[in-house]
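[1] sequence plus the predicted model coming up.
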Amino acid sequence: MIRPPSGGMAFTEAADGDIRADPEARLQASVALAINDQWAVLSQVHGAAVIQVTGAGSAGEGDALWTATPNLPVAVMTADCFGVILMAQNAVGVAHAGWRGTSAGVVTELRESMSGEGHPPTSAAIGPGIGACCFEVGSDVADRFVGDAGVTTWGKPSVDLRFALSRQLEGIETWEAEGCTCHEPGWFSHRRNATEKRLATVGWI
């Protein structure tokens, strides 16, 4: 379990189990974090839709959700995509950001949704995800990320999604997890082995 310095934030690791599919793994994570084991989650679609929630369970299709309800964990699931947490004084939001969501501005949309309701984020955290070292892309993807280009360790064009996300968080104190879920141990990686298992990005107030 990764706990950024700001309270109310956590990113699970492979050792914490498959949080999406295994209720027992989610319960154990909740106990470890001393939070409610009833979370608000999404049916993720790799877009930029943001949903405000007041209760646990599935909030429908989207890739970001936030709440101003105390003791209601909000979570997204990842396996190479990045989980991002935004914390305000009395609200918290999470976003699932792959290349499609990042290109669509999912984190910007979450930030604006929270701010528009009187909860401007003051701190943020970017969780583990695939690094530019391993995220080989074609020109159709690279062309969407001018200024965020990278090169894989085998010399092919890539995109630095972590950097692209950090730009959507300009002006907010942001903590970033290090490493790459694809080539480093300890993470679930869909690109590495097409796993159906998922890590969790969870925030709460």
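    Cool, the structure landed.

[2] tell me where this protein has strands.
    Secondary structure of the chain (DSSP state E): strands at 9-11, 40-43, 50-52, 57-61, 64-67, 74-78, 82-87, 92-97, 123-126, 149-151, 157-159, 173-176, 199-203.

[3] would you turn those strands into a markdown table with mean pLDDT and mean neighbour count?
    Any C-beta I mention is one placed from the backbone N, CA and C, and that applies to glycine too. Below are those laid out as a markdown table (pLDDT from 0 to 100; neighbours: other C-beta atoms under 10 Å):
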| stretch | mean pLDDT | mean neighbour count |
| --- | --- | --- |
| strand 9-11 | 97 | 25 |
| strand 40-43 | 96 | 20 |
| strand 50-52 | 98 | 20 |
| strand 57-61 | 95 | 13 |
| strand 64-67 | 98 | 28 |
| strand 74-78 | 98 | 27 |
| strand 82-87 | 98 | 29 |
| strand 92-97 | 98 | 30 |
| strand 123-126 | 97 | 24 |
| strand 149-151 | 88 | 16 |
| strand 157-159 | 93 | 21 |
| strand 173-176 | 96 | 16 |
| strand 199-203 | 97 | 29 |
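
[4] format these as TSV; extra columns: distance to residue 34.
    Formatted as TSV, the strands of the chain follow (distance: least, C-beta to C-beta, whole Å):
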stretch	distance to residue 34
strand 9-11	11
strand 40-43	18
strand 50-52	25
strand 57-61	21
strand 64-67	18
strand 74-78	15
strand 82-87	17
strand 92-97	15
strand 123-126	18
strand 149-151	38
strand 157-159	37
strand 173-176	20
strand 199-203	12
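
[5] give me the phi and psi angles of the residue of the chain most remote from its centre.
    Relative to the centre of the chain, the most outlying C-alpha is that of residue 155, 27.2 Å out, by C-alpha atoms, centre = their mean. Note on residue 155: its backbone torsions stand at phi 90, psi 20 [degrees, to the nearest 10].

[6] how close does the residue nearest the centre of the chain get to residue 157?
    Nearest to the mean C-alpha position of the chain, counting by C-alpha atoms, centre = their mean, stands residue 83 at 1.0 Å. Residue 83 sits 25 Å away from residue 157, going by C-beta to C-beta, to the nearest Å.
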